[in-house]
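> can you look at this prediction? I've put the sequence above it.
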Amino acid sequence: MPKDLAVMPRLFDLYGGLLTDRQRELFTLSYHHDLTLAEIAEEAGITRQAARDAVARTEDALRGYEDALGFYKRTVTMQDAINDAIKALSRAAIALLGADEPLGATSAPTGEDHGI
């Protein structure tokens, strides 16, 4: 199964402290250092199959923590809500100010404009 590069590192950031030292080590070799299973096996002094099983068990553990606690899902939901609010505020500001461009689209004042 291919690595889930979009979600697994985020789950590791959230739940990595719940893993054993060995799980953190092998996950880091796989995801953060992008080593192959053969390279992980050599580095850790285990077989390739043991490396694959350990990384897969770690991924399963991270998914299990997310299923039980849901921090990642809540984070994504909050970020989506924040992005929606920013868009709505930008549209409201454009309507209120009668501007043709979203806020922040024009050049920002420099320090020289404020005597800085």
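Yes, it's here. As the structure is a computational prediction, the values presented were derived from the model and not from experiment.
> host element of residue 4?
Following DSSP states H and E, one finds residue 4 outside all helices and strands.
> same question for the one 10 residues further on.
Following DSSP H and E, one finds residue 14 within helix 8-15.
> packing partners for the least confident helix or strand in the chain by mean pLDDT?
Least confident helix or strand, the chain: helix 71-97 with a mean of 94, by mean pLDDT, DSSP states H and E. On a contact count with 3 or more CB pairs under 8 Å, 6 or more residues apart in numbering; DSSP states H and E, helix 71-97 meets helix 8-15. For the C-beta atoms, the positions are set from N, CA and C on the backbone; glycine is no exception.
> centre of the chain versus the helix or strand just after the helix it packs on, how much separation?
Heading C-terminal from helix 8-15, the first helix or strand you meet, by DSSP H and E, is helix 21-27. Relative to the mean C-alpha coordinate of its chain, helix 21-27 is positioned 18 Å out (CA atoms, centre = their mean, to the nearest Å).
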